[in-house]
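S.K.: Output the structure for:
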Amino acid sequence: MKFDVLTIFPEMVSASLREGILGRAVKRGIVTVRLVNIRNFARGAHRTTDDRPYGGGDGMVMKPGPITRALESIDRVKGRSPVILLSPQGERFDQKTAWELSNRDRIILICGRYEGVDERIRLTCIERELSIGDYVLTGGELAALVVMDAVSRLIPGVLGGERSNLEDSFEDGLLEYPQYTRPNVFQGQEVPPVLLSGDHEKIRLWRRTESLRRTLERRPDLLQQARLNPEDRAILARLKRKI
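M.R.: Residues are numbered from 1 along each chain as shown. Below is the predicted model:
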């Protein structure tokens with residue numbers, strides 16, 4: 001998987017590429033990240049990438065020229081490498097989108113700043129806009145890192161266990177079940193005995209029940225589109241009767 005990240009603050013991204021699972025994937029060559037500094041494509045002595053908005057108003061707008069020239073510097077096949085703008089106005093980024101993007105060989109991410117980008121960039125260069133939530137960041141660099149992290153961990157070889165990402169929250173539309181590790185007792189709280197029983201079927205049923213319970217309590221909206229089988233529906237019915 002290759003990522004091209006267009007930004008005026010490449011150091012914000014590069015610092016995070018040296019640590020964690022994403023950093024290890026980069027070191028092993030499973031993931032490649034190319035940082036493109038938009039300032040290098042700005043003209044004039046000051047390499048200005050933004051200007052005041054036409055019509056007045058507070059804030060600055062990223063100029064179309066530097067972004068366009070930065071994109072043109074990338075050797076790509078149009079349509080095969082999606083150009084994505086990180087923006088609070090974009091569609092909500094979720095696990096389904098992460099899986100979709102993980103099937104691409106290359107993704108180009110543009111990090112917006114200030115009041116956003118000149119609208120003509122959206123009209124001529126951008127194929128998709130993504131938002132990581134209903135809030136506003138000072139720039140798209142953190143959002144780009146979120147997208148790269150979520151997508152990369154779905155690529156074979158990035159995580160240690162083959163099934164690690166299949167049991168995560170949101171993979172089947174539900175929140176993940178509670179997790180425990182040593183010691184067996186911590187500050188008077190014990191690990192549920194079923195997890196120490198060695199009975200794989202009982203453990204599976206406990207985990208599924210707790211996943212459904214947690215989703216029902218914290219994110220009941222997810223249940224409307226979750227992939228539920230008859231066993232799940234029976235468990236949910238019992239849980240709802242206890243509420």
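S.K.: Kindly provide the distance from the spatially most central residue of the chain to R106.
M.R.: Centroid check for the chain by CA atoms, centre = their mean gives V147 as the closest residue, at 3.2 Å. V147 sits at a distance of 13 Å from R106 (criterion: CB to CB, to the nearest Å). (Each C-beta comes from the backbone N, C-alpha and C, glycine too.)
S.K.: that older thread, the residue nearest to the centre of the chain in helix, strand or coil?
M.R.: Reducing the assignment to helix, strand or coil with DSSP: H, G, I helix; E, B strand; the rest coil, the entry for V147 is helix.
S.K.: How about the contacts made by it?
M.R.: Under the criterion of CB atoms under 8 Å, 6 or more residues apart in numbering, the contact list for V147 reads I84, L86, F93, A98, L101, I107, L109, L130, I132.
S.K.: remind me, longest strand of the chain?
M.R.: In terms of residue count, the longest strand belonging to the chain (DSSP state E) is strand 83-92.
S.K.: Can you give me the buried ones in that one?
M.R.: Of the residues in strand 83-92, V83, I84, L85, L86, S87, P88, G90 count as buried by neighbour count, 16 or more other CB atoms under 10 Å.
S.K.: Nearest to V36, out of these: which one, please.
M.R.: V83 (12.0 Å; CB to CB).
S.K.: Can you tell me how far that closest one is from G57?
M.R.: Summarising the geometry, the distance separating V83 from G57, computed by CB to CB, is 27 Å.
S.K.: just E19 next, same as before
M.R.: Summarising the geometry, the distance separating E19 from G57, computed by CB to CB, is 39 Å.
S.K.: how is this protein carved up into domains?
M.R.: Taking automatic domain parsing as the criterion, the chain consists of the domains 2-152, 169-242.
S.K.: Tabulate these in a markdown table, adding columns for distance to V158 and mean pLDDT.
M.R.: Conversion of the domains of the chain to a markdown table gives the following (distance: least, CB to CB, whole Å; pLDDT from 0 to 100):
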| stretch | distance to V158 | mean pLDDT |
| --- | --- | --- |
| domain 2-152 | 5 | 95 |
| domain 169-242 | 15 | 94 |
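S.K.: could the ones you listed go into JSON lines alongside distance to L159?
M.R.: Supplementary listing: the domains of the chain in JSON lines, determined by distance: least, CB to CB, whole Å:
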{"stretch": "domain 2-152", "distance to L159": "7"}
{"stretch": "domain 169-242", "distance to L159": "13"}
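S.K.: Deepest in the core, which of the ones you listed is it.
M.R.: With neighbours defined by mean count of other CB atoms under 10 Å, none of these is more surrounded on average than domain 2-152, at a mean of 17.
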